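Q: here is my input, please return the structure:
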Amino acid sequence: MGDQRVIRVQLLGPVSATIEGRSTALRGRLPAVLLSLLAVQPGRTLSADQLIERAWTGSPPPTAGSALRVHITKIRQAFAPLPTGLATTARGYRLDPAVVSTDVAELATLTAGLEAVPDPAEALARVDRALALFQGRAFAGFVDDDELRAEAGRLDELRLDLEESRAELLLALGRHGEASTELVKLVRAQPLRERRSRLLMLAQYRSGRQAEALATYGDLRNRLSEELGLDPSSEARELEVQILRQDASLTLRGPQPGPAKLTDAGRPRALRPAAASTDVLLMVVAGRLAALDEATARLVKLAAIMDDAARPAVLASAMGREESDLAALGSRAAASGLLELAGEGRAWRVPRRERRNAVLQSLSDGERAALHALAGQALLKRGTVPALVRGAWHLIESGRDALGAGRAAVRAVDACLEQGASRTADDLCLAALDVLPASSPVAVDLLTRRVRTLTLLGRTAEVEAVWRAAIEAARASGDASRFALAVLAQEWAMRSFHVVNRDLRTLLTEALARVGPGPTALRTRLVCALMMDGMLGTAQLAETERLADEIRSDAEATGDPVALASACRARHTVLRGHPDFAARAQALDAFLAAAQQTGDEWWAAISLLGRLYDLFVVGRHAEVPELLMRLDLPGGNSAATRVSWHHALTQASLARDRGDLASAIRWGERGLLRGAEAGIPDAPAASALNQFLVVFLRGSTAALLPHLHASAQQGAEHAMALAIVAIAEAQAGNRAAAGALIGRALDRLPQDSLEAKPVALACAAQAAAASGLADLAPRLDAELRPYSGQFATFGQVTATFGPVDRCLGLLSALQGDADRSVALLAAAQRQAATAALVPWEVLSAADAVGVLRSSGRLAEAEALASEHRTTAARLGLQGCLARFSAAAS
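A: Residues are numbered from 1 along each chain as shown. This is a model prediction of the structure:
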């Protein structure tokens, strides 16, 4: 009778019974408890004593026997007309499994072998059916009984697993947005279940929301740490790394359902394909249109084409009439039921969506194209951003003039970018590119702009391919100016968001040759781009100075304020690594003034970032907080997220330099999130640098070696990165490896940016001293000495490696000059104390203690150690404490 069971007991929620489709709730707690005890294992017999003991939780009343019989009768009445479902035997009571089934048993059937189901859609259907069985907590919360408590716990856990499996299946089916929405609720309900957070991270990443995915990981880490004292699992940590690297393995493979093509998804709603209308409605609308005069019918058709953009002024322009003429036409159309004047903007529209769809379906292809063209031209004349966007879409839909549509799209995209509407701009670029020949000049313009839209949207992984397509299309067009602008699109991405391409310098040089000599704003931009971000290193100092002079001359000749700001920035870039700080300050003042004249917040921001760097170099940290307040930009500005990255990293540096290492770590993590949000590939490296400096101040960085090697390789093995790895190798006792890395760093130094030189030399000096590599000391000392009195500072990250004099003191000790070493280390202590860089003051003192001890000046060593021992303990500087303790012994 397995298929003939007609009593179904619901245990996943309020306990009830369904008999032949009729649901019966059990009244009272005891009948529900008794039925639960019997139904948890249908077919099992429980004696009267067992039921009494468990139903009354070990404290039955004297009348429990008679009460049990009354409640059993109530259950049988609920089972009517099949009371035999609850059988009485010589040993007690049992539910007949041939007659009675339970939702728990059905749940077991649905979930059995679920992992082996090959089709995600089929598996999802089974999971949905299983979850639908839950109407609340199992056994309605009757958990006083040990067996029911354990079973309720198992079922609760199964429900949570099923909710997570459902989200996983949605991801497998490509329904990332739906999965993300569900997972937000699931994480909120169970924030400590790590699997939910991992799935949410993946869903957010696949939905193009990388920053949110990283924020989800941060929330998980903080919750686990604060509530349980635990770290995320290795799977969660690995997923974070994959998201930061935009690992291709995170992308869903194979065919999947998803949104329509971007050219459809990005269309304004009114321009998307109309839903099919019934034959009857089509006949009615066609008849009414035929009854109208030609002008009135055209008004109706234009209104249908334009939908909510059909303002009287725009319609009049499209029809070549005065706005006053439309009143009579509109009245006739309204009388036919095909038009109405409604909406906040008093736009003419076809009443009811299905009627508008019928009008659209009545149009021939030629008529539709002509109407789109008229609507597009009329909207372009309005000049507002929404009108430009809609006008460009109409011209694209028309298909009559691809080049004209492309030019309209360029105009609309530029307007969108000014307003911060990057997604709208990108959709429009894609749609216009679909109708343009790949080698047309307008296609080059659109591809160039797509580099910017993708960068602003944080889709930096796609930038490279689009940029190269723009370069090739520009070459094919033979247009030197467009080629230059295409190259500069990548320079803009690099300048604003560090989307770096290693071929950029070669292409900038090629673009300069194509543009030719003579002062032009475009040539000025190209030359300035060569100056930025280390594309010209210390080996090209003379060339760099010549180019800076050329930029200034060209900028003055063209009278372009942006070109002048570029020229001033170039001059400051030349001097950022120069020991003459006064000359650098003068160049920066000129840059600040020129940036203000542009009226561009981004130019003002980068000039202030230059000031920020210089303040760190000279140890004027007290002025940094006020400068950070001036760096705030509006949230919608394209530079705001990048500036917030700098802001977070600077706060990390300030916290680290005052000895608050825990806050430094938190600010570094915030910087990582801000950098990911801004699409800055250097964000992980910057975070790693912050971590390195914190660990270095505490003691040995040897444990960071694998991460530092990987970071150096990702950073094209710049001198600074190599020197940092050398420090870790030296602290790990790998003297030969440290020496080889220092040699490579010194060889690389001429190719690196000018500002990187002092900090790279300082790190190399630290590594050489830790390894006892005296043969390297003279060269390092000679190259580092011009920077005496300054602080070794990491450029983009505005982090300090302490006073340069400290590193010079280490090199002097390495060369056997203890007196000079002690004097330099004392100077470093004073500099650090003046700048309130407490950890670096303590570290310089610890270095001096080591030199004093090695030269036999034990009393001086102990006195200095005693002065700083308490501070080192308070800040957790274990390496310094060890050296101070050695002085005492």
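Q: the domain parsing of this protein - what is it?
A: The chain breaks down into these domains under automatic domain parsing: 1-173, 437-516, 601-888.
Q: Arg245 is nearest to which of those?
A: domain 601-888 (7.7 Å; Cβ to Cβ). All C-beta atoms are positioned from the backbone trio N, CA, C, and that covers glycine.
Q: how far is that closest one from where the chain is centred?
A: 28 Å (Cα atoms, centre = their mean, to the nearest Å).
Q: now stretch 93-104
A: That offset, for stretch 93-104, works out to 53 Å (Cα atoms, centre = their mean).
Q: quick check: end-to-end length of it?
A: End-to-end distance of stretch 93-104 (Cα to Cα, to the nearest Å): 20 Å.
Q: any buried residues in that stretch, and which?
A: Buried residues in stretch 93-104, counted by 16 or more other Cβ atoms under 10 Å: 93-97, 99-104.
Q: same check, this time on stretch 80-90
A: By neighbour count with 16+ other Cβ under 10 Å, stretch 80-90 contains the buried residues 82, 85-87.
Q: need the residues you listed in JSON lines (columns: secondary structure, distance to Leu374 and pLDDT).
A: Formatted as JSON lines, the buried residues of stretch 80-90 follow (DSSP: H, G, I helix; E, B strand; the rest coil; distance: Cβ to Cβ, whole Å; pLDDT from 0 to 100):
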{"residue": "Leu82", "secondary structure": "coil", "distance to Leu374": "74", "pLDDT": "74"}
{"residue": "Gly85", "secondary structure": "helix", "distance to Leu374": "75", "pLDDT": "80"}
{"residue": "Leu86", "secondary structure": "strand", "distance to Leu374": "79", "pLDDT": "82"}
{"residue": "Ala87", "secondary structure": "strand", "distance to Leu374": "82", "pLDDT": "83"}
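Q: what about Val359, which SS state?
A: Following DSSP: H, G, I helix; E, B strand; the rest coil, we place Val359 in the helix state.
Q: what of the one 4 residues further on?
A: Using three-state DSSP, the structure places Leu363 in coil.
Q: for the nearest residue to it once chain neighbours are set aside, pull up the helix or strand it's in.
A: Spatial nearest neighbour of Leu363, excluding adjacent residues (Cβ to Cβ, 6 or more residues apart in numbering): Lys301 at 6.4 Å. Following DSSP states H and E, one finds Lys301 within helix 294-306.
Q: what angle sits between the helix or strand following that helix and helix 294-306?
A: Helices and strands here follow DSSP H and E; after helix 294-306, the next one along the chain is helix 312-319. Between helix 312-319 and helix 294-306, the angle comes out at 120 degrees (axes from the mean of the first three to the mean of the last three Cα atoms, to 10 degrees).
Q: if you count neighbours, what's buried in the helix or strand that helix 312-319 is followed by?
A: Reading on from helix 312-319 to the C-terminus, the next helix or strand found by DSSP H and E is helix 326-335. By neighbour count on 16+ other Cβ under 10 Å, the buried set for helix 326-335 is 326, 329-330, 332-334.
Q: Ala17: how many residues sit nearby?
A: Using other Cβ atoms under 10 Å, Ala17 has 23 neighbouring residues.
Q: beta partners of it?
A: Val9, Thr24 (DSSP bridges).
Q: can you check the pLDDT for it?
A: On pLDDT, Ala17 comes in at 82.
Q: for the remainder of this discussion, apply numbering that starts at 28.
A: Noted, 28 is the first residue going forward, which turns the last one into Ala44.
Q: ok, now which ones touch it?
A: 34-37, 50-51, 53, 62, 105-106 (Cβ atoms under 8 Å, 6 or more residues apart in numbering).
Q: ok, of those, which come out buried?
A: Among the contacts of Ala44, the ones that count as buried by 16+ other Cβ under 10 Å are 34-37, 53, 62, 105-106.
Q: sorry, back to before: from the contacts of Ala44, which is closest to Ala345?
A: Ala345 lies nearest to Ser50 out of the contacts of Ala44, by Cβ to Cβ, at 62.2 Å.
Q: let me see the ranges of the strands in this structure.
A: 34-37, 43-46, 49-52, 113-116, 119-122, 127-129, 367-369, 374-376, 818-821, 826-830 (DSSP state E).
Q: neighbouring strands - and their directions - for the fourth one?
A: Just to be clear, that refers to strand 113-116. strand 119-122 (antiparallel).
Q: what's the answer for the longest one, then?
A: Sheet partners assigned to strand 826-830 using DSSP bridges are listed as strand 818-821 (antiparallel).
Q: I'd like the buried residues of stretch 120-131 as CSV, with distance to Ala853 and pLDDT appended.
A: CSV is the format used below for those (distance: Cβ to Cβ, whole Å; pLDDT from 0 to 100):
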residue, distance to Ala853, pLDDT
Tyr120, 92, 88
Arg121, 91, 88
Leu122, 89, 85
Asp123, 94, 83
Pro124, 89, 83
Val126, 95, 82
Val127, 90, 84
Ser128, 87, 85
Thr129, 83, 86
Asp130, 80, 87
Val131, 78, 86
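Q: what is the least confident helix or strand in this protein?
A: Across the helices and strands of the chain, mean confidence by mean pLDDT, DSSP states H and E is lowest for helix 289-292: a mean of 36.
Q: just to revisit the earlier point, confidence score at the residue nearest to Leu390?
A: Looking at Lys328, its pLDDT is 86.
Q: low pLDDT regions in the stretch 778-916 of the chain?
A: For the stretch 778-916 of the chain, applying pLDDT under 70 flags the ranges 778-781, 822-824, 914-916.
Q: repeat that with 80
A: The stretch 778-916 of the chain contains residues with pLDDT under 80 at 778-783, 821-825, 913-916.
Q: all set now, cheers.
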